[in-house]
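**Q** got a structure for you, letters missing:
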């Protein structure tokens, strides 16, 4: 899923962009194909979409934004401080406290930890404070018709959005989201909204724009549907034990090895704990404040990349979730404390609790 992570890089105010003169795509053959298909499917009446697209405008800012996402232009040392701040943790704890019963129900229903649900909301929209400033129909049309590298994907999402608008009674001309067309608290793309959003409060609607309860349940359902394994590790900091590790480092979005195989090449878990030597994993390198950081990424780590296809995004979401878990437990145990000034959190190579298995020392070395 593509998200509005960097609205604040594009504009100092995350407010809707001004209305543009419309009709920019009316002569496009591809638009005519979209309209005719939706009319044949009886989603829209003849002429209805012509009237709509007469007001749809090309958004040049969208084309500029998609060409320079932070995930593709920043190293980990620069990306991490965007999300790992005291303010984001404190606001996350406040959101968690406000919706504690709902988050606990989502965790029990879908098996996804509450801290991960809250972290996604924190990374995506600052817990609903920044849901995007681009008119969704403009963004999707711009990318679907005038951005050849990903045009098929965005044309599909444009069709999905137009169907979603009918299903959920959304006004396409007044629905705002990210520069990529993602919407609401969780920044779901239209296809994800239609396929994976849930009515978690039972009011008969799946509302991700104004209803945090549905957003909480929908994020948990998204993770479960994409293979989240309850109780299993996400990622662990690694240490170097011999110099063959370069050959095992992996940049693709999925596990390609096991802990045993990675250990033979020179990387093992840094923190004490127990791990399955046969556990699917990949070794990854991120450029941190002190050079290379090495991590062992498990299946659940790559489930996070289904939300946003970036190793940096997944690591930021996981580390924020770990900070939130600690801070929330402290908040439950202590009286409320005065808010601290915002600051970047120090890098913390903490490793989550893991199931019993083979200890790192038992993994074969070269």
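**A** Everything's here; your move. Everything quoted here is computed from the prediction, not taken from an experiment. Numbering: from 1, shown residues only.
**Q** Which of the residues in the longest helix along the chain are classified as buried?
**A** Scanning the chain for the helix with the most residues, using DSSP state H, yields helix 311-333. In terms of neighbour count (16 or more other Cβ atoms under 10 Å), helix 311-333 has its buried residues at 311-325, 327-328, 331. Glycine gets a C-beta too; all of them are placed from N, C-alpha and C.
**Q** Any regions of the stretch 51-200 of the chain where pLDDT drops low?
**A** 70-71 (pLDDT under 70).
**Q** Let me see the ranges of the strands in it.
**A** Per DSSP state E, counting those that start in this stretch, the stretch 51-200 of the chain carries strands over the ranges 134-135, 176-177.
**Q** Enumerate the sheet neighbours of the last one, specifying parallel or antiparallel for every one.
**A** In other words, strand 176-177. In the sheet, strand 176-177 lines up against strand 134-135 (antiparallel) (DSSP bridges).
**Q** The partner strand: how far from the chain's middle?
**A** Mean-position distance between strand 134-135 and its chain equals 19 Å (Cα atoms, centre = their mean, to the nearest Å).
**Q** and what of stretch 155-168?
**A** 20 Å.
**Q** for stretch 288-295, same thing?
**A** Relative to its parent chain, stretch 288-295 has a centroid offset of 23 Å by Cα atoms, centre = their mean.
**Q** Could you do stretch 141-150 as well?
**A** Computed by Cα atoms, centre = their mean, the chain-centroid distance of stretch 141-150 equals 21 Å.
**Q** Then stretch 153-169?
**A** On Cα atoms, centre = their mean, the centre of stretch 153-169 falls 20 Å from that of its chain.
**Q** Tell me which residues are up against it.
**A** 30, 34, 37-38, 43-44, 49, 136-137, 140-141, 143-145, 147, 170-172, 175, 180-181, 189-191, 193-194, 205-207 (Cβ atoms under 8 Å, 6 or more residues apart in numbering).
**Q** among those, which ones are buried?
**A** 34, 38, 43-44, 49, 136-137, 140-141, 143-145, 170, 172, 175, 180-181, 189-191, 193-194, 206-207.
**Q** is it true that residue 145 touches residue 25?
**A** Yes: if you go by Cβ atoms under 8 Å, residue 145 and residue 25 touch, sitting 5.6 Å apart.
**Q** so what sits against both of the two?
**A** residue 31.
**Q** Tell me, how many residues neighbour residue 87?
**A** For residue 87, the neighbour count with other Cβ atoms under 10 Å is 13.
**Q** Revised request: answer the last question for residue 251.
**A** Neighbours of residue 251 using other Cβ under 10 Å come to 9.
**Q** That one is in contact with residue 284, isn't it?
**A** Yes: the criterion here is Cβ under 8 Å, and residue 251 meets it with residue 284 at 7.2 Å.
**Q** Mutual contacts of the two, please.
**A** residue 311.
**Q** name the helices or strands packed onto the longest helix of the chain?
**A** The contact analysis (3 or more Cβ pairs under 8 Å, 6 or more residues apart in numbering; DSSP states H and E) places helix 311-333 against helix 70-73, helix 76-83, helix 86-98, helix 114-125, strand 235-240, strand 280-288, strand 291-298, helix 299-307.
**Q** Tell me which of those lies nearest to residue 255.
**A** strand 280-288 (4.0 Å; Cβ to Cβ).
**Q** Would you mind listing the outside residues contacting the closest one?
**A** 75-77, 80, 238, 245, 248-252, 254-259, 262, 265, 267, 292-299, 302, 311-312, 315, 347.
**Q** between that strand and helix 299-307, how many degrees?
**A** Here the directions of strand 280-288 and helix 299-307 differ by 60 degrees (axes from the mean of the first three to the mean of the last three Cα atoms, to 10 degrees).
**Q** tell me how far strand 280-288 is from the chain's mean position?
**A** 19 Å.
**Q** Buried deepest among the helices and strands packed on helix 311-333, which one?
**A** Among the helices and strands packed on helix 311-333, ranked by average contacts under mean count of other Cβ atoms under 10 Å, first place goes to helix 114-125 (a mean of 26).
**Q** how big is the angle separating that one from helix 311-333?
**A** Going by the same axes, to 10 degrees, helix 114-125 makes 120 degrees with helix 311-333.
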